[in-house]
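# Show me the folded form of this:
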Amino acid sequence: MNPKESVRDDPVLDDLDRRLVQALMIDGRASFTRLAELLGVSDQTVQRRYRRMRGEGLLRVVGLPVGSRVGLFESWLRVRCAPSAARAVAKALARRPDIAWVTISGGGGDVHAMTRARTRQDRDTLLLDRLPRTEHVREVGAHTILRKFFGGPDPWPGVDFLSAAQVAALTPPAPEPSPGRYALDAAESRLMAVLAQDGRTPRPALARATGLSESTVGRRVERLVAEGALFFDLELIPRHFGYETEATVLLTVDPARLAEVGTSLAGHVEVPFAAAVTGSANLLAVVVCTDTQHLYTYVTERLGPLPGVRQLEVIPALRSLKRAGMLVTDDRLTDPPSAGSRSVL
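So this is what the prediction gives:
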């Protein structure tokens, strides 16, 4: 099944909505005027469409740090617990600001999460103290993200409604980072915190939050992007684009073939995220498909035959509770936990 065809009858989004979604995926902070010119409609139409989709929880533009560039400790967690406790554990993880993604998977007793801890101590406290002491948690597996092959700043090709010329017109220049890790100062950390809530926050609001002038805050955003420390992501619910089935796939790949297989996955429309990880399964992929038959075909005809793949595990996702820092409620994106909210973990 072609997902581009399957969304044609979706009453939530029409063709203009979907083209606007892809445009924002390429450049999340593009002005409404620029987007209107690209799509051939008025500024007011673009603003109205965007505000409706955002208000209904269909999408969010967020500004996120590139973890490896700014020194975050990123790991994929697999928390095995009693099925009756999975929802409570997942909700507690979702309330933590250092957790970016949370999914209940497998048979209902697997909770998957992605950490983005700012310090080693924060990460270790969660893994060595909080989670092991949580009631009904039976096992905690932590897999460090070693190398991302796809995801983050890369626009997902699963949304494909613009022409090649429109994509080229919107695509910003590639970052040109200076050597070494980028150290965020206090103003940039505050700036990042605001953009993580809403990547399209206007300059006046960014200036008030950081104490910088509007011109200075504009230059800071440009510098962070150019340095590869900040990217703008468009988060959405794949089901609204014809992808009904989601899964985590763990692959065991011959080490000499790991980069080759990871690069191959980065070119698959079904894969919005792929990374090399620590552990016996050394490659992690998030896979989205139109249905279970599509998933079966993808696993058996595209993943299985890749040279060097010795074993794979497919773990179906049952429910997402958090995506790119946004909570998920009834298949809609909602505001992330407030700064003052507390988690039992």
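# Now do the same contact list for residue 137.
Contacts for residue 137 (C-beta atoms under 8 Å, 6 or more residues apart in numbering) come out as 79, 80, 81, 85, 89, 131. Quick note: C-beta positions are derived from backbone N, CA and C, even for glycine.
# tally of neighbours for residue 311?
Other residues near residue 311 come to 10 when the count uses other C-beta atoms under 10 Å.
# Ignore what I typed, I meant residue 55.
9.
# again with residue 179
Going by other C-beta under 10 Å, the residues that sit close to residue 179 add up to 4.
# May I ask which of the contacts of residue 137 has the most neighbours?
Neighbour counts for these, by other C-beta under 10 Å, peak at residue 89, which reaches 25 neighbours.
# Could you verify my assumption that that residue touches residue 111?
Yes: with contact defined as C-beta atoms under 8 Å, residue 89 counts as touching residue 111 (5.3 Å).
# Now the common contact residues for these two.
By C-beta under 8 Å, 6+ apart, residue 89 and residue 111 have these common neighbours: 79, 81.
# just to revisit the earlier point, between the contacts of residue 137, which sits nearest residue 334?
Ranked by distance to residue 334 (C-beta to C-beta), those are led by residue 89 at 19.6 Å.
# Apart from its chain neighbours, what residue comes closest to residue 26?
Nearest residue to residue 26, sequence neighbours excluded (C-beta to C-beta, 6 or more residues apart in numbering): residue 170, at 4.4 Å.
# same question, residue 78
residue 141 (4.1 Å).
# Return the per-residue confidence for the one you found.
Residue 141 carries a pLDDT value of 95.
# again with the one 5 residues further on
In the prediction, the pLDDT value recorded for residue 146 is 96.
# could you list every residue that touches it?
When the contact criterion is C-beta under 8 Å, 6+ apart, the partners of residue 146 are 275, 276, 277, 278.
# Now do the SS call for it.
When classified by DSSP: H, G, I helix; E, B strand; the rest coil, residue 146 comes out as strand.
# ok, it to residue 75 distance?
Note on residue 146: its distance to residue 75, by C-beta to C-beta, to the nearest Å, is 10 Å.
# Ok, residue 151 next?
For residue 151, the distance to residue 75 (C-beta to C-beta) stands at 15 Å.
# Quick one: low-confidence residue ranges for the stretch 201-345 of the chain.
Applying pLDDT under 70 to the stretch 201-345 of the chain flags residues 339-341.
# All set now, cheers.
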